[in-house]
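Peer 1: No letters, just coordinates:
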Ligand SMILES: [Mn+2]
């Protein structure tokens, strides 16, 4: 389906529409245009910090220094590494090394082990991607051994930064604040092509579509907000995917939707994932992909089995589920699945040897940490985030934990989040076509929901009809049974085509 491109005058938009756009960081004509037309034309130009990094790399290349690209073992880290590797291979005849550290053996970021590998290889310059922002000591160690380091990363910096050249949008914005590692690496590549090769973004990405595809895969995998430059990288990456003849990337295209196609690559087999992306022939790519798919399939099957073994307790209404035989590698998946299935905060408790562990998951903004805090006399430790946490129970306390915690969880009421209040008259075809152009929806760009207060409703032929004194609005879909009231507060979801009555509540007025 082709998008009908319309222009919208930001200043002319109604207040509630501006309010809803602001939730997607759209606050003026420029941000609106960038959002509605997610093309490379709307990337920000390199700033002085990015140019400084480009200058450093440029002189390293002209001095024929040996460069090592340092990545990370997750998908964003692997694709960022490949992206910068491809860029430097295009721009210089030098041999480039890569290094993907093992988080389990070496921790996050730079490691002495990897730096020693670099020293042995005669490396002069390490450029990190998607990592290294907190590697203060390791940068010191590398420098002491005569290696230069450039850090490119997107992770949250701690108070003390490594004493070296750093490119990180969380420290000094040179692009969108929430770029993934792949987004940061792409912006660096783009600037390198511009300054070393005098090529504009459209020109060089047309020649090497694999680079924007890798940036897109990293951006999707890291689940960063699909806004601003990330939206551009995803849209342009998808376009590039249509034209690539790279063995592995074209295979991903043939697998259908990219989100599903990359799932098997995420199964914690980083060496295989790397081998997949660097496969030299289609046959090799197919072989490796099948192997990854089989491993991923087995894992999914076991995760499902572990979930099903708890189904009985769920049906009994328990919110704290206990299975001493639950396998730890599926615990977090089982907890997530239970939360989604119940649409309710839950805890899943299991054992590893003599230790009783638990995982908590909750929808929305429910605070599980507050629940754990209130029973901390039963716990040996706990931590994490409000909607996703882990803990260790004291021996023999499972039943007491369940008895005390379940009442605290059972009071949870799902809350509907809405973008802005609106009046019936505001739901116009113009608003629908604006929303149509805001597709595709995804993280931080969800399908917009408006709250329309105090309207009358009736049902005709299965369709809900909302009306006030001036306007009547007919909706095609009803997701909930109507309340026993003639006047309601209606939550209306728009997706550019349909108007969906998501939920409605009694209007309680004096
Ligand atoms: Mn990342």
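Peer 2: Yep, it's here. Source: prediction; values computed, not measured.
Peer 1: how many neighbours does the residue in the stretch 301-450 of the chain positioned nearest to the ion have?
Peer 2: Per Cβ to the ion, residue 443 is where the stretch 301-450 of the chain lies closest to the ion, at 14.2 Å. Backbone N, C-alpha and C define where each C-beta goes, glycine included. Number of residues near residue 443 (other Cβ atoms under 10 Å) recorded here: 13.
Peer 1: May I have the phi/psi pair for it?
Peer 2: Here is the backbone geometry of residue 443 (degrees, to the nearest 10): phi -50, psi 130.
Peer 1: need the contact list for it.
Peer 2: Contacts of residue 443 were listed using Cβ atoms under 8 Å, 6 or more residues apart in numbering, and they are 223, 224, 225, 226.
Peer 1: so the last one is in which element?
Peer 2: In this case it means residue 226. In the assignment (DSSP states H and E), residue 226 maps to no helix and no strand.
Peer 1: OK, contacts around it?
Peer 2: 234, 440, 442, 443, 444, 445.
Peer 1: which of these has the most neighbours?
Peer 2: residue 234 (23 neighbours).
Peer 1: isn't it right up against residue 216?
Peer 2: Yes: between residue 234 and residue 216 there is a contact under Cβ atoms under 8 Å: 5.3 Å.
Peer 1: where along the stretch 301-450 of the chain do the helices fall?
Peer 2: 311-315, 328-342, 368-374, 398-410, 429-437 (DSSP state H, counting those that start in this stretch).
Peer 1: So which of these is nearest residue 97?
Peer 2: Residue 97 lies closest to helix 328-342 among the helices of the stretch 301-450 of the chain, at 32.5 Å (Cβ to Cβ).
Peer 1: so after the helix or strand where residue 55 lies, what's the next helix or strand?
Peer 2: Take DSSP H and E as the rule and residue 55 turns out to sit in helix 48-62. With elements assigned by DSSP H and E, the helix or strand that comes after helix 48-62 is strand 67-70.
Peer 1: what are the phi and psi angles of residue 447?
Peer 2: Note on residue 447: backbone dihedrals following degrees, to the nearest 10 are phi -60, psi 130.
Peer 1: just to revisit the earlier point, same list (the helices of the stretch 301-450 of the chain) but as TSV, adding distance to residue 260, mean neighbour count and mean pLDDT.
Peer 2: Listed next are the helices of the stretch 301-450 of the chain as TSV, based on distance: least, Cβ to Cβ, whole Å; neighbours: other Cβ atoms under 10 Å; pLDDT from 0 to 100:
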stretch	distance to residue 260	mean neighbour count	mean pLDDT
helix 311-315	25	13	95
helix 328-342	17	18	92
helix 368-374	30	17	95
helix 398-410	32	15	97
helix 429-437	24	16	90
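Peer 1: so which of the contacts of residue 443 is the most crowded?
Peer 2: residue 224 (25 neighbours).
Peer 1: Touching, residue 175 and residue 168? I think so.
Peer 2: No: applying Cβ under 8 Å, one finds residue 175 not in contact with residue 168, separated by 10.6 Å.
Peer 1: so what's in contact with the two at the same time?
Peer 2: Contact criterion Cβ under 8 Å, 6+ apart; residues shared by residue 175 and residue 168: residue 184.
Peer 1: Compare those two (neighbour count), which wins?
Peer 2: Using other Cβ under 10 Å as the criterion, residue 175 and residue 168 rank with residue 175 on top: 24 against 21.
Peer 1: Residue 46 versus the more buried one, what's the distance?
Peer 2: For residue 175, the distance to residue 46 (Cβ to Cβ, to the nearest Å) stands at 9 Å.
Peer 1: hey, what's in contact with both of the two?
Peer 2: Overlap of the contact sets of residue 175 and residue 46 (by Cβ under 8 Å, 6+ apart) consists of residue 187.
Peer 1: which residues in the stretch 251-400 of the chain form strands?
Peer 2: Using DSSP state E, counting those that start in this stretch, the strands of the stretch 251-400 of the chain run over 320-322, 346-352, 355-361, 379-385, 388-393.
Peer 1: possible to save these as a markdown table with distance to residue 474?
Peer 2: Output for these, formatted as a markdown table (distance: least, Cβ to Cβ, whole Å):
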| stretch | distance to residue 474 |
| --- | --- |
| strand 320-322 | 43 |
| strand 346-352 | 39 |
| strand 355-361 | 38 |
| strand 379-385 | 42 |
| strand 388-393 | 40 |
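Peer 1: Nice, that's everything, thank you.
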